[in-house]
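*Asks:* Whatever this is, show me its structure:
(2 chains)
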Amino acid sequence: QKEVEQNSGPLSVPEGAIASLNCTYSDRGSQSFFWYRQYSGKSPELIMFIYSNGDKEDGRFTAQLNKASQYVSLLIRDSQPSDSATYLCAVRGGGADGLTFGKGTHLIIQP
Amino acid sequence: DAGVIQSPRHEVTEMGQEVTLRCKPISGHDYLFWYRQTMMRGLELLIYFNNNVPIDDSGMPEDRFSAKMPNASFSTLKIQPSEPRDSAVYFCASSLGRPEGDTEAFFGQGTRLTVV
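*Replies:* Have a look, this model is predicted:
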């Protein structure tokens, strides 16, 4: 059974600070890792993806992957109130086409 | 492109009734996924199709659930008979190729199903 674990939160971060979101996964065969953002009542939308160990930066977002520890994280720099949402970690395993999602972390950016 | 289109957006039905959810994927996309989202279980993959063929239905909770994709532009998810525990938001997503970072899976707006 593939599992993706996230702290449900809420995680409260002051505006302008760095928000750090974490995710662990159980399947060592997982190959692709994704972060989705979901606003309340809306559908998930892709923010970042990462395949290789290390960091990947895209604007204010940085994804970090450590396959040995089976750990993925998302950093949001200069947090804005518009970043307030639920962030879903998703994993795709080897040979699989569908994504396994965590339950999400609810992030609140306080003005 | 209008994106992935799901209908209806909201559905309220009585226990025991048949419910049919519909999805029109983005034109040209060859993968279609059905997900269910609840507070308790999060977002779960139910079934997915590749080129209209069901590939993996291991996430379908039980025989009351069935899905079809008669052509590249239409898919249905049917629940018969429906039960209150089926209440959830059902999402359809499509992608061009296997979902990777550069072949994003795009989600529809979802159908909020309430079974009373």
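
*Asks:* All the strands of chain A, in order from the start?
*Replies:* Remark: strands assigned in chain A by DSSP state E are A:4-5, A:11-14, A:19-25, A:30-38, A:45-50, A:54-58, A:61-66, A:71-76, A:85-93, A:100-101, A:105-110.

*Asks:* and what of chain B?
*Replies:* Ranges of strands in chain B, per DSSP E, are B:5-7, B:10-13, B:19-24, B:31-38, B:42-50, B:53-56, B:65-71, B:74-79, B:88-95, B:106-107, B:111-115.

*Asks:* Partner strands of the longest one and their direction?
*Replies:* Each strand pairing with strand B:42-50, determined using DSSP bridges, is listed with its direction: strand B:31-38 (antiparallel), strand B:53-56 (antiparallel).

*Asks:* quick check: angle from that strand to strand B:65-71?
*Replies:* Counting by axes from the mean of the first three to the mean of the last three CA atoms, to 10 degrees, strand B:42-50 points 40 degrees away from the direction of strand B:65-71.

*Asks:* ok, residues contacting strand B:42-50?
*Replies:* Outside strand B:42-50, the residues within contact range by CB atoms under 8 Å, 6 or more residues apart in numbering or on different chains are A:44, A:88, A:97-104, B:30-38, B:54-57, B:59-61, B:65, B:67, B:69, B:75, B:77, B:91. Glycine gets a C-beta too; all of them are placed from N, C-alpha and C.

*Asks:* which ones are touching residue B:18?
*Replies:* B:78, B:79, B:80, B:81, B:82.

*Asks:* Repeat the analysis, applying 6 Å as the threshold.
*Replies:* Neighbour list for residue B:18: residue B:80 [criterion: CB atoms under 6 Å, 6 or more residues apart in numbering or on different chains].

*Asks:* what bridges to the closest residue to chain B within chain A?
*Replies:* Nearest to chain B, among the residues of chain A, is residue A:49, at 3.1 Å (CB to the nearest CB). Judged by DSSP bridges, the bridge partners of residue A:49 are residue A:34.

*Asks:* hang on, it packs against residue A:34?
*Replies:* Yes: using CB atoms under 6 Å, residue A:49 makes contact with residue A:34 at a distance of 4.8 Å.

*Asks:* neighbour count winner among the two?
*Replies:* residue A:34 (25 against 21; other CB atoms under 10 Å in any protein chain shown).

*Asks:* my guess is the more buried one contacts residue A:92, does it?
*Replies:* No: the pair residue A:34 / residue A:92 is not scored as a contact, 7.5 Å apart, by CB under 6 Å.

*Asks:* residues contacting the spatially most central residue of chain B?
*Replies:* The centre of chain B sits closest to residue B:34, judged by CA atoms, centre = their mean, with a distance of 3.0 Å. Shown in contact with residue B:34 (CB under 6 Å, 6+ apart): B:46, B:47, B:67, B:77, B:92.

*Asks:* Is it possible to mark the buried ones in those?
*Replies:* Those of the contacts of residue B:34 that meet the buried threshold are B:46, B:47, B:67, B:77, B:92, by 16 or more other CB atoms under 10 Å in any protein chain shown.
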